[in-house]
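J.: with the input below, show me the fold.
(one chain, ligands or ions: 1)
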Amino acid sequence: MDNYEQIPMLVVPCIHVPGRVPFVVGPVLGASALYGSIYPAIQNFLLGCRAAGLGACLTTLPLWNVRRVRRVLGLPRSVLPVAVIPVGRPRGRYGPTTRRPLEDVVHLNRYGNRPTG
Ligand SMILES: Cc1cc2nc3c(=O)[nH]c(=O)nc-3n(C[C@H](O)[C@H](O)[C@H](O)COP(=O)(O)O)c2cc1C
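T.: Just a heads-up that it's a prediction; the model follows:
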């Protein structure tokens, strides 16, 4: 991003993880349950920003150095940052997004069964 330092607000959603990250049943299910507990809230936040006329974008690359993020924000080890959401007033394109048609990404009952029209 060219103007990152001008972004008025960066929201950093975090999960409180007391003890070890709960990889109880297996790494995939553990991670899925962990991140799944916060991504719906993140999506609601993004929709709320949109409804309020604000520009917002889900990013995770700024967390490449979690240790540094923890230090900057003073996060204890039990608090895990999961995203960085720049929020501001849009200056450029703010139109509809492009999405693949639903029938290109949905499988009915079994993988490969595409819904027809
Ligand atoms: C989990 C996740 C992490 C993402 N991380 C980044 C990121 O670090 N940097 C980035 O430019 N876009 C990132 N994106 C993509 C943007 O959130 C956004 O979807 C993309 O810029 C397309 O914009 P649009 O959704 O308005 O079409 C990420 C998306 C997801 C789902």
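J.: any idea how far stretch 84-102 is from the middle of the chain?
T.: On the basis of CA atoms, centre = their mean, to the nearest Å, stretch 84-102 sits 14 Å off its chain's mean C-alpha point.
J.: in the protein, which spans are strands?
T.: Secondary structure of the chain (DSSP state E): strands at 9-11, 14-16, 55-56, 79-81, 85-88.
J.: now tell me what touches the second one from outside.
T.: So the one you mean is strand 14-16. Residues from elsewhere that reach strand 14-16 (CB atoms under 8 Å, 6 or more residues apart in numbering): 34-35, 37-38, 75, 78-82. To be clear about C-beta, it is placed using only N, CA and C from the backbone, and glycine gets the same treatment.
J.: switch to 7 Å and redo it
T.: The contact list for strand 14-16 (CB atoms under 7 Å, 6 or more residues apart in numbering) reads 34, 37-38, 75, 78-82.
J.: could you dump those to JSON lines with pLDDT and neighbour count?
T.: Listed next are the contacts of strand 14-16 as JSON lines, based on pLDDT from 0 to 100; neighbours: other CB atoms under 10 Å:
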{"residue": "L34", "pLDDT": "87", "neighbour count": "17"}
{"residue": "S37", "pLDDT": "92", "neighbour count": "13"}
{"residue": "I38", "pLDDT": "95", "neighbour count": "16"}
{"residue": "L75", "pLDDT": "95", "neighbour count": "15"}
{"residue": "S78", "pLDDT": "89", "neighbour count": "11"}
{"residue": "V79", "pLDDT": "92", "neighbour count": "15"}
{"residue": "L80", "pLDDT": "92", "neighbour count": "18"}
{"residue": "P81", "pLDDT": "95", "neighbour count": "17"}
{"residue": "V82", "pLDDT": "95", "neighbour count": "18"}
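J.: filtering the residues you listed by proximity to the ligand, which remain?
T.: Counting by CB under 6 Å from any ligand atom, nothing from the contacts of strand 14-16 sits close to the ligand.
J.: where does this structure dip in pLDDT?
T.: By pLDDT under 70, the low-scoring segments of the chain are 1, 20-26, 117.
J.: and the residue nearest the centre of it, what is it in contact with?
T.: The chain has L58 as the residue nearest its centroid, 4.7 Å off, counting by CA atoms, centre = their mean. Residues near L58 by CB under 7 Å, 6+ apart: 42, 46, 83, 85.
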